[in-house]
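Visitor: sharing a model that was predicted from the sequence below.
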Amino acid sequence: MFSYAFHLDGLFEISVRVSGYLLTSPYYQSQKKWGPRIQNATQGSLHSHILTWKADFDIIDSTNSFEISKPVVAQQAQPWFPELGVFEQIELQASFLEKEEQLKYEQNNQAMYHVVNRAKQNSWGQSRGYRIVPGHSNIHLSIFNSPFTRKNAEFAKQHLAVCSKHQFGVEATVGFQQVL
């Protein structure tokens, strides 16, 4: 079950809940490292659920940019706290990707990702756009060299891939659509 939420502050969020039948196989003591025992004669199969989305953002027009904003610790003095001297404070450091790239989320999720149109601003002078928020599960594909995913699950090997629209680009799918 999928839920899509588009918030007024430009944030969008996708939630996924899984329900259905368990995928099982006959239980053999010698095969317990490939899945947990579920019942007297059955065991589960180890597998991953990796979901990918390809989104084409055209915010007002197609001149969009991908912005990464990171809170960084800076040594600063503030005139309203002269008695503190220089101290640590967080400031925002923003940069834009200049080329197509695959990204892993920053440690501790200390980055904000935005698709923005730098030429089009709102009434407060902020670039119009959407923020991409990492989900509650920040996993990516765990097996990189399986013969089933070696050449057809490139988008699942990193948390995030940013590219210009290519009409006939790499597919964001696994050809077999099976437990891998």
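Guide: Good, I have the coordinates. What you see is a predicted model, and the numbers here were worked out from it, not measured in a lab.

Visitor: how about the nearest residue to Leu160 once chain neighbours are set aside, what does it touch?
Guide: Closest residue to Leu160 apart from its sequence neighbours, by C-beta to C-beta, 6 or more residues apart in numbering: Leu103 at 4.5 Å. Using the backbone N, CA and C atoms, a C-beta is placed for each residue, glycine as well. Leu103 sits next to Ile68, Gln158, His159, Leu160, Ala161, Val162 when contact means C-beta atoms under 8 Å, 6 or more residues apart in numbering.

Visitor: now Leu103: how far from Ser62?
Guide: From Leu103 over to Ser62 the distance is 21 Å, taken as C-beta to C-beta, to the nearest Å.

Visitor: can you check Pro82 too?
Guide: 49 Å.

Visitor: what about the two, which has more around it?
Guide: Counted by other C-beta atoms under 10 Å, Pro82 and Ser62 do not tie: Ser62 has more neighbours, with 11 against 8.

Visitor: distance of that one from Val115?
Guide: Ser62 is 11 Å from Val115, by C-beta to C-beta.

Visitor: next: Gln29.
Guide: Relative to Val115, and taking C-beta to C-beta, Gln29 is found at 51 Å.

Visitor: how about Leu160?
Guide: Distance, Leu160 to Val115, by C-beta to C-beta: 11 Å.

Visitor: the more surrounded of those two?
Guide: Using other C-beta under 10 Å, the more surrounded residue of Leu160 and Val115 is Val115, with 22 against 16.

Visitor: can I assume the more buried one is in contact with Gly129?
Guide: Yes: the pair Val115 / Gly129 is scored as a contact, 5.3 Å apart, by C-beta atoms under 8 Å.

Visitor: now do the strands in the chain.
Guide: With strands called from DSSP state E, the chain shows them at 2-6, 11-16, 24-26, 42-44, 65-77, 86-96, 101-103, 112-121, 127-132, 160-162.
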